[in-house]
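got a sequence here, can you build the structure:
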Amino acid sequence: MDERLRERLLEALDRFNPCDACLGRAFGYRLTGLENRERGRALKLTLGMLAQAEDDTDALELLARSGLEEATAVLDDPPSPEPCGICEGVLSRCDEFAEAAALELEELDFDGFIIGSRWPDRVLDRERELWDVLETEGEPIKREFNREVGKRVERILGERADPRDPDAELIFDFRPSLDDPKLELNVKPVYVRGRYLKLRRGLPQTKWPCPKCKGAGCSECDYTGKVYLESVEELIGMVLKDAFLAEYHKFHAAGREDIDVRMLGNGRPFVIELLYPKRRTADLRRLEERIEKEVGNKVRVRDLELGEAEDVRRVKDLSERSLKRYRAWVVFEREVSEDRVRKALNELTEREIHQRTPRRVLHRRADKVRVKRVHEARLIRHEGDEAVVEFLCDPGLYVKELISGDEGRTRPSLAELVGVRAECERLDVIEFLEEGDRG
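This next block holds a predicted model:
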């Protein structure tokens, strides 16, 4: 052994008392194929043999203090082993940490896992000081811990560690305590995409917290925490959450309809993001049937399939570029002729509509003028002062105001072109056209 290296190793033992793994990790990028603890032990054994040959008691005591039993055996009054001054004994407990990790993972359905760790600055600083003394650039403690615990978990569970695309990530956070780290489990969400039909008016798309108590529960909301007891999100989500044994869910949809508007026809695209699921697969056809059986008079789903995170962005993009076909029940202030209604609808077809934010949504939308287009407007039925009409519109066009004019904030409007005040009595979305759907 080079004399300069020997001096540096003895200085490191004196200052830091490194365990085999921490000492070997300082040389972790040399002679691949060895474990760090094997490297560290080999260095200590070499030092021990040289020290015994030269009767260097001080060096042997340093080695015995670091846990080298061979050095302890040749000393008359050896010192007791002391904890590693770098990891403070953490790397000697990898089996224990692996068992804790396996216990967390064994109830999950997952494909691939990864072990992570966070370390206090004092450990990282001492590690860097050790390397400076040894004039090396070693392997970080985080990398060794993650690898060694990961290998043990693989053996316990028979599952592979996969740093590229793991379903589960377990992070040991040693910053609060090296003796008792916090264990954080992160599970990749499961995404289920499909289309929903809302068959009942008065049902919001998403959960609507009580504005007074912000969901905590108060006398105003009868201690439910909600303005409405049910929503599309909750009716679908409760079934999927149960099927995948998820803790929470998030609902993402391609826009939304008003609470008093039904969503019919081919349905509105949506994605359910299931958080912390214990299962990753389910019979989606059966789930469609279950939703229909349990809440089919309110909500139904179709075309359920497993998705991916990117589907959330895709479904939100759809709301900005998808045409919707609406069926509206219109009531005029007085009787109007069918020809007059047809003429007005013809004038609306392929017409640009300048629509200032409706008064009814000013509390949650910026007050500005939006230019939208009506692609089709046709009469389905007419009788006296009532009519049923259909519109095919750009996304974001407010159809109720297209009918009423909203006191001149939407122009032109059906009421303006007919010349008679008109209101939308009922409204349904009957078709959601994605790009390429319209011929």
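
can you give me the strands in the protein?
Ranges of strands in the chain, per DSSP state E, are 113-118, 168-173, 182-187, 190-198, 248-253, 262-275, 299-306, 323-332, 351-356, 369-383, 386-393, 410-411, 422-433.

average pLDDT for the shortest one, rounded please.
So that's strand 410-411. For strand 410-411, mean pLDDT rounds to 97.

same thing with the second one?
Mean pLDDT, strand 168-173: 97.

re the thing from before, need the strands of the chain in TSV (columns: mean neighbour count and distance to Ser66).
Every residue, glycine included, has its C-beta placed from N, CA and C. Shown next, in TSV, are these (neighbours: other C-beta atoms under 10 Å; distance: least, C-beta to C-beta, whole Å):
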stretch	mean neighbour count	distance to Ser66
strand 113-118	20	23
strand 168-173	20	24
strand 182-187	15	29
strand 190-198	22	48
strand 248-253	18	48
strand 262-275	21	46
strand 299-306	18	53
strand 323-332	21	73
strand 351-356	16	78
strand 369-383	15	73
strand 386-393	20	77
strand 410-411	22	82
strand 422-433	19	70
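
make JSON lines out of those and add distance to Glu61.
Below are the strands of the chain laid out as JSON lines (distance: least, C-beta to C-beta, whole Å):
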{"stretch": "strand 113-118", "distance to Glu61": "33"}
{"stretch": "strand 168-173", "distance to Glu61": "33"}
{"stretch": "strand 182-187", "distance to Glu61": "37"}
{"stretch": "strand 190-198", "distance to Glu61": "58"}
{"stretch": "strand 248-253", "distance to Glu61": "57"}
{"stretch": "strand 262-275", "distance to Glu61": "55"}
{"stretch": "strand 299-306", "distance to Glu61": "62"}
{"stretch": "strand 323-332", "distance to Glu61": "82"}
{"stretch": "strand 351-356", "distance to Glu61": "87"}
{"stretch": "strand 369-383", "distance to Glu61": "82"}
{"stretch": "strand 386-393", "distance to Glu61": "86"}
{"stretch": "strand 410-411", "distance to Glu61": "90"}
{"stretch": "strand 422-433", "distance to Glu61": "79"}
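
Tyr223: which of these is closest?
For the strands of the chain, proximity to Tyr223 was assessed by C-beta to C-beta; strand 248-253 is nearest, at 21.7 Å.

report the distance from the closest one to the chain centre.
Offset of strand 248-253 from its chain centre (C-alpha atoms, centre = their mean, to the nearest Å): 10 Å.

do the same with stretch 354-365
In terms of C-alpha atoms, centre = their mean, the centre of stretch 354-365 is found 32 Å from the chain centre.

what mean pLDDT does that stretch have?
Stretch 354-365 comes out at a mean pLDDT of 92.

restrict it to CA atoms and write it as PDB.
What follows is stretch 354-365, C-alpha atoms only, in PDB (Å, rounded to 0.1, in the frame of the first residue of the first chain):
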ATOM      1  CA  HIS A 354     -70.000  38.500 -30.500                       C
ATOM      2  CA  GLN A 355     -70.700  37.500 -27.000                       C
ATOM      3  CA  ARG A 356     -69.800  39.500 -23.900                       C
ATOM      4  CA  THR A 357     -69.500  37.500 -20.700                       C
ATOM      5  CA  PRO A 358     -73.000  36.600 -19.600                       C
ATOM      6  CA  ARG A 359     -74.300  38.400 -16.500                       C
ATOM      7  CA  ARG A 360     -75.000  35.100 -14.800                       C
ATOM      8  CA  VAL A 361     -71.300  34.100 -14.800                       C
ATOM      9  CA  LEU A 362     -69.700  37.500 -14.300                       C
ATOM     10  CA  HIS A 363     -68.800  36.600 -10.700                       C
ATOM     11  CA  ARG A 364     -66.400  33.800 -12.000                       C
ATOM     12  CA  ARG A 365     -65.500  34.900 -15.500                       C
END
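
contact partners of it?
366-372, 397-398, 400-402, 406-407, 409-411 (C-beta atoms under 8 Å, 6 or more residues apart in numbering).

for stretch 7-23, same thing?
26, 35-41, 43-44, 47, 59, 62-63, 65-67, 82-87, 89, 91-92, 126-127, 129-130, 133-135, 141, 144.

ok, now stretch 251-261?
With contacts defined as C-beta under 8 Å, 6+ apart, stretch 251-261 is touched by 196, 198, 201-206, 228, 232-233, 236-237, 263, 268-273, 312, 315-316, 318-319, 322, 395, 400, 426-429, 432.

point out where this structure drops to low pLDDT.
435-439 (pLDDT under 70).

tell me the centre residue of it?
Centroid check for the chain by C-alpha atoms, centre = their mean gives Pro189 as the closest residue, at 5.6 Å.

you'd agree that residue is up against Glu273?
Yes. Pro189 is in contact with Glu273 according to C-beta atoms under 8 Å; the separation is 5.0 Å.
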